[in-house]
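**Q** after the sequence you'll find the predicted model.
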Amino acid sequence: MNRTTCPYCNSRISLPATEDRARCPRCGQNVPAAFLAGPAAVSSVSPASVGPAPSSNNAQPAPRPRKSWSNRWLAALFVLLMGGMAVAALTLALGTLKSRKTRDPKVPATIGATRALPPAELPALAYLPEDCNLVAGIHVADLLKSARGKRLLASPRLNGSDQGSNWQGLNCIEGWTGLQASAFDHVALGARIDGDVPHLVAVLRTRQPYRLEELAGRFPGKAFPHHKRPLFRIKLQPVGGGYLWCADERTLVLLLRPDAVKIEDMDRVPAFPRQADAALAPPLRKIVDEHLRQADIWLAGDVQRPETLGNLLRFVPILSKPSPPMAQARSFAVSAREDGELTILGFVSVRDEVGLRAWREFLESVALPAGATRRVIPTAERKQIDFQVRLPAVQIQDVQP
């Protein structure tokens with residue numbers, strides 16, 4: 001048995017001694033007879049003798065060995081081609097991004113699903129001034145899910161129809177923006193109550209991006225830029241004024257003053273939304289976290305001069321009349337939630353036992369409709385009074401003093 005290697009592909013070949021030639025099983029080339037004698041014979045063969053035998057008419061000339069690609073070169077070529085295709089695809093995708101977005105299907109605002117958020121997590125709070133010591137919230141989208149919630153939004157105490165011509169309540173928002181209530185997700189209000197003229201800031205968060213062109217058409221004057229976003233001037237009747245700032249594509253910031261308004265007043269509004277944990281002052285954030293877990297309408301305050309609050313609790317229908325003893329309060333929170341029945345929860349932190357007694361008498365004197373229940377729990381050790389009212393099947397307008 002002769003053993004040798006193919007001169008073309010270096011594959012080992014075995015051939016019986018009676019054979020004078022062989023075909024390589026790997027590359028298929030004819031191996032010259034001189035190579036079949038083993039390594040000694042191969043070493044004695046000159047390069048010229050490896051070629052075809054000139055005396056044989058039938059002998060085929062030995063073909064040249066083909067050069068093959070190594071696995072490393074093939075892998076490198078494959079990676080190079082794939083990388084080039086990836087770069088070309090990314091370039092095409094980025095170049096056509098705007099044109100492809102214009103063909104995206106538009107989802108109607110009424111279809112967009114909303115998720116109930118705790119009061120402390122409302123995105124609108126991030127645009128309130130950081131020195132606010134009085135905040136309120138209206139979860140418009142959640143209220144519109146039920147018939148009673150719609151009646152609550154239509155209450156005269158909220159839309160301003162019983163406040164006279166000097167106050168229009170929530171009705172003014174539609175008049176200034178042209179947006180219906182169904183366009184809003186929630187509204188947050190904030191003010192600084194310290195004895196001076198208060199600045200009221202309302203942050204309106206829409207469910208879908210609003211159309212800036214339609215909004216601009218409702219203002220006679222031309223918008224001027226504020227932090228590179230449009231700002232419109234508002235005139236109140238008979239006195240006062242304000243500004244409406246388009247903070248982003250879903251956020252409108254409304255600043256109102258009962259006296260003359262100045263552009264410097266807008267410096268109190270942050271140019272960019274703050275982080276969720278820094279949206280409220282720490283004392284106020286603690287009140288909202290501890291006492292306002294779930295609510296559709298809510299109000300919270302931490303004030304040094306509570307006697308200046310006056311009629312601000314008119315936002316909460318159950319506590320509008322008789323006038324609450326705000327001079328005895330230090331901090332408070334009250335909320336209304338519609339969940340099959342109207343539930344009103346609240347607490348008031350008072351200064352002393354006199355304040356505790358005054359608030360207890362006030363809460364117990366509020367007349368309730370038939371079927372309503374009330375709980376008033378004073379705690380002398382903490383100088384705090386908690387209360388709860390449930391209205392099972394009445395409209396909010398039915399609550400009378």
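**A** Everything's here; your move.

**Q** from here on, contacts and neighbour counts on C-alpha atoms
**A** Will do.

**Q** what residue ranges in the stretch 151-300 of the chain score low on pLDDT?
**A** Within the stretch 151-300 of the chain, the set of residues satisfying pLDDT under 70 comprises 155-172, 195-197.

**Q** show me where it has helices.
**A** 156-159, 171-177, 212-216, 282-291 (DSSP state H, counting those that start in this stretch).

**Q** any residues touching the longest one, and which ones?
**A** It refers to helix 282-291. For helix 282-291, the external contacting residues (CA atoms under 8 Å, 6 or more residues apart in numbering) are 119-120, 133-134, 300-302, 332-333, 346-347.

**Q** related to what we said a few turns ago, mind putting the helices of the stretch 151-300 of the chain in a markdown table, mean neighbour count included?
**A** Output for the helices of the stretch 151-300 of the chain, formatted as a markdown table (neighbours: other CA atoms under 10 Å):
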| stretch | mean neighbour count |
| --- | --- |
| helix 156-159 | 20 |
| helix 171-177 | 15 |
| helix 212-216 | 13 |
| helix 282-291 | 16 |
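
**Q** quick one: those helices as TSV, columns for distance to Arg12 too.
**A** Listed next are those as TSV, based on distance: least, CA to CA, whole Å:
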stretch	distance to Arg12
helix 156-159	96
helix 171-177	88
helix 212-216	81
helix 282-291	82
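
**Q** can you list the domains in the chain?
**A** 2-50, 119-398 (automatic domain parsing).

**Q** which of those domains is buried the deepest?
**A** domain 119-398 (a mean of 18; mean count of other CA atoms under 10 Å).

**Q** returning to that earlier point: let me have the domains of the chain in TSV, extended by distance to Leu77.
**A** Formatted as TSV, these follow (distance: least, CA to CA, whole Å):
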stretch	distance to Leu77
domain 2-50	23
domain 119-398	48
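
**Q** so Thr251 touches Leu204, yeah?
**A** Yes. Using CA atoms under 8 Å, Thr251 is in contact with Leu204, at 5.7 Å.

**Q** shared neighbours, those two?
**A** With contacts taken as CA under 8 Å, 6+ apart, Thr251 and Leu204 have Ala124 as neighbours in common.

**Q** ok so, going back, now flag whichever of the contacts of helix 282-291 is closest to Tyr210.
**A** Nearest to Tyr210 among these is Pro119, at 23.3 Å by CA to CA.
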